[in-house]
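Engineer: Next come a sequence and a model predicted from it.
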Amino acid sequence: MPDYINSLKELPKGIKLFAVQFLSFPFWYISLYLFNNDFFRANTFVTIVMFCLCLIATSSIPVMNEMHKCLEYSYTKQRIKKITEKYFFSLGVAIFQGIISSILIFTFYTLRKFYAVNLDYYAYLVSFYLITFIYYIYLMIANKKLREKILTRQAAILSKNLGFADEEEE
């Protein structure tokens, strides 16, 4: 294996997580260029990059946190270690955001060019964050249901082991 791959494996988890989330950077950059060209022209490259990084952080951290909780409740600790080592949940969020960004960019650009609908960057941001927020709520509900299911299963196993289930059946 090349040395740079081995050095990537030794990076701290936080930096690996950020690197995976950096996959959504081009979508934010392109959307800024297409829908907020005045901001794009008036600022330096560093300012635009910092703005994109802020958008990445605010859009991905809550969803990643909730996805991680869902994975925690649905797998054993040993399995969770393997999954978190592979950063499955972070990659899922990056792919989700890339798909949503692509769909929104295509839709907004098409409406703007062919139908002369004046959509600015704020409409794009509101749409993106609204979809992300709905996904976040879905994950919270799924997380709650998983937790209740696991707690019910654990309570049944515990009551069976303690002999409470036999008394109820008689």
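Structural biologist: Now that the structure is in, tell me what you want to look at.

Engineer: In the chain, where is pLDDT below threshold?
Structural biologist: The model of the chain has pLDDT under 70 over residues 1-9, 11-18, 63-91, 146, 150-151, 154, 163-170.

Engineer: again, 80 this time
Structural biologist: Counting by pLDDT under 80, the chain has low-confidence residues at 1-23, 59-96, 136, 139-140, 142-170.

Engineer: Which parts of it are helices?
Structural biologist: Taking DSSP state H as the test, the helices found in the chain are 3-9, 13-21, 25-35, 37-42, 45-74, 77-86, 88-114, 121-162, 164-169.

Engineer: If you count contacts, what does the third one end up packed against?
Structural biologist: The helices and strands touching helix 25-35, judged by 3 or more C-beta pairs under 8 Å, 6 or more residues apart in numbering; DSSP states H and E, are helix 37-42, helix 45-74, helix 88-114, helix 121-162. From N, CA and C alone the C-beta is placed, and that goes for glycine too.

Engineer: buried stuff in the shortest one?
Structural biologist: Right, the one you point to is helix 37-42. Phe40 (16 or more other C-beta atoms under 10 Å).

Engineer: Now it - C-alpha only, CSV.
Structural biologist: Provided in CSV are the C-alpha atoms of helix 37-42 (Å, rounded to 0.1, in the frame of the first residue of the first chain):
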residue,chain,number,x,y,z
ASN,A,37,-22.6,35.7,-8.3
ASP,A,38,-22.3,39.2,-6.7
PHE,A,39,-21.0,37.6,-3.5
PHE,A,40,-18.7,35.4,-5.6
ARG,A,41,-17.2,38.3,-7.5
ALA,A,42,-16.9,40.7,-4.5
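
Engineer: So which elements touch it?
Structural biologist: helix 25-35, helix 45-74.

Engineer: repeat that for 7 Å
Structural biologist: Here helix 37-42 touches helix 25-35, going by 3 or more C-beta pairs under 7 Å, 6 or more residues apart in numbering; DSSP states H and E.

Engineer: Sweet, I'm off.
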